[in-house]
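>>> Starting from these lines, generate the structure:
(3 chains, ligands or ions: 1)
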Amino acid sequence: MYKYDQWDQAMVDARVAEFRDQCQRRIEGKLTEDQFKPLRLMNGLYLQLHAYMLRVAIPYGTLSGAQMRALGDIADKFDRKYGHFTTRQNIQYNWIKLEDAGDILAALAKVEMHAIQTSGNCIRNISSDHFAGAAADEVVDPRPYAELLRQWSSFHPEFSYLPRKFKFAVIASETDRAAMRLHDIGINIVRNDAGELGAAFYVGGGMGRTPMIAPLINGFVPLDRLITYAEACLRVYNRYGRRDNKYKARIKILVHELGAEEYTRQVEEEFALLLAQNIEPPFAELERIRTYFEDPAFAADAPDELDRSDPDFAVWSDRNTHPHKAPGYVSAVISLKPVGGIPGDATADQMRLMADLAGEYSFDECRVTHTQNIVLPHVRKADLFALWQKLEAAGLGTPNLDQVGDIIACPGLDYCSLANARSIPIAQQISQRFAANGKGEILGELKLKISGCINACGHHHAGHIGILGVDKKGVENYQLSLGGSEAEDTSLGKITGRGFDEAGIVDAVETSVDVYLAQRQNGERFLDTYRRIGMEPFKEALYG
Amino acid sequence: MKILTGNDLKTGAVTWWDGSGWSLYVDDAVDVGDGGDAIIAREESARRINAPYEIEAEKTQSGVRPAHIKDRIRGLGPTVRPDLTLKPGDPNAVREVI
Amino acid sequence: MVDLAQTILRFRDDTPVSDPAVTVEAFTGQSNALAVRIEPGEDARSLLPNLERIRLVEVNFPAFGDGRGYSAARVLREAGYTGELRAVGDVLVDQIGHMRRCGFDAFQPDQPLDAGDVEIALSRWPEVYQATTDGRVPIWNLRHG
Ligand code: SF4
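This next block holds a predicted model:
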């Protein structure tokens, strides 16, 4: 894992001092709310429905045991003993007092964490593949590049007042586990025919009001030009992105309006000029960062067999583990989606337990997934049963990864001041319904995603089944969409037709699933069947 | 009726104008008639409230009911965590706001 | 008459240009203007053919959240402009650190800045990650001697 040196630490410490001072000035009345708002937003402090909310960055979703423990301790000391892991691999605390904000940031800084640029129209936390450094199918570990981008984007002097927020994702495998092409910039680290590594840049993806899949604008940027190229992409956006309409200000609209070709031409022109400026960090810096992401000391003789004699354990290990590059190891996923639970919420005690388990079983490392679960990336197969028993005992052993119960849900109208409708109760009812009727067990992979408004934090466009909450004359209403995917076969879901009320949407999901069950052919997933038979049979069943 | 709501500057807690101060309980909210703007300006500059705004509400038998579901949820707490609402012991509290 | 020294925070030793800044359009057609003012939507690169004769570029920030002026400043500095680069308009103390890094060396804010606040803001970050034309050595280079 990356470790701060004195410079990284000094940056974060300076920020704590600055923000403490800004909060104090607000409390004393030296700053009005209008003046304070942009400052607090640059530091992830929102005013939500019930209280202040603080969003803490988890760069590329990677946490040490000590960091996870600190998150639990903060939940205990400053919040109501829980936190919410988000689709951006961050964590949010829902009940923060302004008076405590400085102390919380100081507690975070002690474990090399911060809330810098977790909101505002700037470059946000860089997300990545949650199996990075462990997945059997990756070209390299993408995180060193994400870390370099993190440093570059921190307090970037030119790009702190962009037209709109800006999100990067960095992956390094054919399989996309980070919704890479649904980001403002998605980077895939690839190897060319000569065996060299480079970065493929996809620019102009996103969800929200106008979802778009990012086009490839450069298939191979040499790694010693990565930052310069990113700077060129951002400069074109900062200069020409629309600022007249908030809903048209994301880079996807610029790329779409110019056309990918013209945008690329402008980027290449800017890139040529910037090359002469010599802004790229020395290559030795990338190499220095890489040393922090070297493999931990995997046991060479770790046994590859798994004792599957406990049937419940066998189900969990089939569903909640992922192949590892080292023989005898797997990545284990801890589901934060118990049946009827709140997706992504974890209690302070659960966080501390996961921290302990990371220390005991996973080289002291864990990850946050964009699907709001936690990964222990490097677990010996021989330890898996013991791990599972401890998870079970703590209510963390739900065997539902990528199943219908593994729902992404944004906070919605229970917490979020932008919401039109509640998301969480819908997720709860759906997971309960499919647990009770037994269908959940036979469905296989089914990605269900719920957003409480058009901002799409719950990635509903990319759900095999997507649900969007809308406001229908002051009453919650839900639109259903089918056929989205955020994986390497990225696609955007299509709306089935008129919306449903709270009870109706749960029925509608079951009806859609029944169509699939009746029509599926040999091993097809819901998404495959939908793609084969199209929308009509579903519409027919839903609206008849 | 027209009532005022906002968040406490220091704690962030949702509060309601009760005629002389800010209460945690929506049922304490009073009708401000046409006087809302003046109260908001005064209270904001006294730093007793953050981001205050005026909403429509209705006086019912059980108390004060904001017109919009968002403010009703603000008045209670998250519907998915009854234990963290202002009426943790009331099994009907959630149903009444939605 | 307004005393320029009172309203402008300058980080240069030369005497301020007293000519009023003209618009980019006027500047292009007027061969003797020394001072020009760029609005957010305008292309700083259109000044490059005449860079030699410019002594003052004002970059207007009608609203602090419109960050186009930061790019305008860097574009000019990267092209070798050495005259005064002045941020005018909705310029706040929490932004002048970034503005200095982008090449601004004078500020004429709508609301006067407190000198003490300015000093704190400019000394807040001991080191920086990125390379710009401001001459500061990025942390990346400090690490590798
Ligand atoms: S999608 Fe809307 S309701 Fe949900 S968290 Fe995002 S902004 Fe809030």
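
>>> what about residue 12, how many residues close to it?
Just so you know, I chose chain A. 20 (other Cβ atoms under 10 Å in any protein chain shown). In short, each C-beta sits where N, CA and C put it, glycine included.

>>> wrong chain, I was asking about chain B
B:Gly12, neighbours per other Cβ under 10 Å, totals 24.

>>> Confirm that it sits in a strand.
No: counting by DSSP: H, G, I helix; E, B strand; the rest coil, B:Gly12 is not part of a strand but coil.

>>> What's the separation between the spatially most central residue of chain C and A:Ala135?
Central residue of chain C (Cα atoms, centre = their mean): C:Phe104, 2.6 Å from the mean position. Per Cβ to Cβ, to the nearest Å, C:Phe104 is found 45 Å from A:Ala135.

>>> Show the contacting residues for C:Asp66.
Contact analysis of C:Asp66 by Cβ atoms under 8 Å, 6 or more residues apart in numbering or on different chains lists A:Tyr161, A:Arg243, C:Pro40.

>>> Could you give the average pLDDT over the longest helix along chain C?
Using DSSP state H to define each element, chain C has its longest helix at helix C:68-78. Helix C:68-78 carries an average pLDDT of 98.

>>> in it, what's buried?
For helix C:68-78, the neighbour count (16 or more other Cβ atoms under 10 Å in any protein chain shown) marks C:Arg68, C:Gly69, C:Tyr70, C:Ser71, C:Ala72, C:Ala73, C:Arg74, C:Val75, C:Leu76, C:Arg77, C:Glu78 as buried.

>>> out of those residues, who's near chain A?
C:Arg68, C:Tyr70, C:Ser71, C:Ala72, C:Arg74, C:Glu78 (Cβ under 8 Å from any Cβ of the partner chain).

>>> between those, which is nearest A:Gln429?
Nearest to A:Gln429 among those, counting by Cβ to Cβ, is C:Arg68 at 47.0 Å.

>>> Check whether that closest one really touches A:Arg239, as I assumed.
Yes: using Cβ atoms under 8 Å, C:Arg68 is in contact with A:Arg239, at 6.0 Å.

>>> What separation do you get for the residue lying closest to A:Pro157 once chain neighbours are set aside and A:Glu231?
Nearest residue to A:Pro157, sequence neighbours excluded (Cβ to Cβ, 6 or more residues apart in numbering or on different chains): C:Arg101, at 3.6 Å. Plainly put, C:Arg101 is 14 Å away from A:Glu231 if you go by Cβ to Cβ.

>>> Show me where chain B has its strands.
B:2-7, B:14-17, B:22-23, B:50-60, B:63-66 (DSSP state E).

>>> Which among those strands is found nearest to A:Gly219?
Distance to A:Gly219, taken as Cβ to Cβ, is lowest for strand B:50-60 among the strands of chain B, at 47.2 Å.

>>> And the contacts of that closest one?
By Cβ under 8 Å, 6+ apart, the list of residues contacting strand B:50-60 reads A:33, A:47, B:1-9, B:12, B:17, B:26, B:29, B:31-32, B:36-37, B:40, B:43-44, B:64-68, B:71.

>>> next one: stretch A:162-169
So stretch A:162-169 is contacted by A:88, A:119-124, A:126-128, A:146, A:149, A:153, A:159, A:178-180, A:183-187, A:206, A:234, A:237-238, A:241-243, A:246, A:249-251, C:67 (Cβ under 8 Å, 6+ apart).

>>> Take these and keep only those in helices.
Per DSSP H, the contacts of stretch A:162-169 map to helices at A:Ala146, A:Leu149, A:Ser153, A:Leu234, A:Tyr237, A:Asn238, A:Ile251.

>>> Tabulate the residues you listed (TSV), appending distance to chain B, pLDDT and neighbour count.
Shown next, in TSV, are the ones in helices among the contacts of stretch A:162-169 (distance: Cβ to the nearest Cβ, whole Å; pLDDT from 0 to 100; neighbours: other Cβ atoms under 10 Å in any protein chain shown):
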residue	distance to chain B	pLDDT	neighbour count
A:Ala146	32	98	29
A:Leu149	33	98	22
A:Ser153	29	97	24
A:Leu234	32	98	26
A:Tyr237	31	98	27
A:Asn238	30	98	24
A:Ile251	30	98	30
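
>>> element containing A:Ala14?
Secondary structure from DSSP states H and E places A:Ala14 in helix A:6-27.

>>> For the very next helix or strand once past that helix, buried residues please.
Under the assignment DSSP H and E, the closest C-terminal helix or strand after helix A:6-27 is helix A:33-41. Of the residues in helix A:33-41, A:Glu33, A:Phe36, A:Lys37, A:Pro38, A:Leu39, A:Arg40, A:Leu41 count as buried by neighbour count, 16+ other Cβ under 10 Å.
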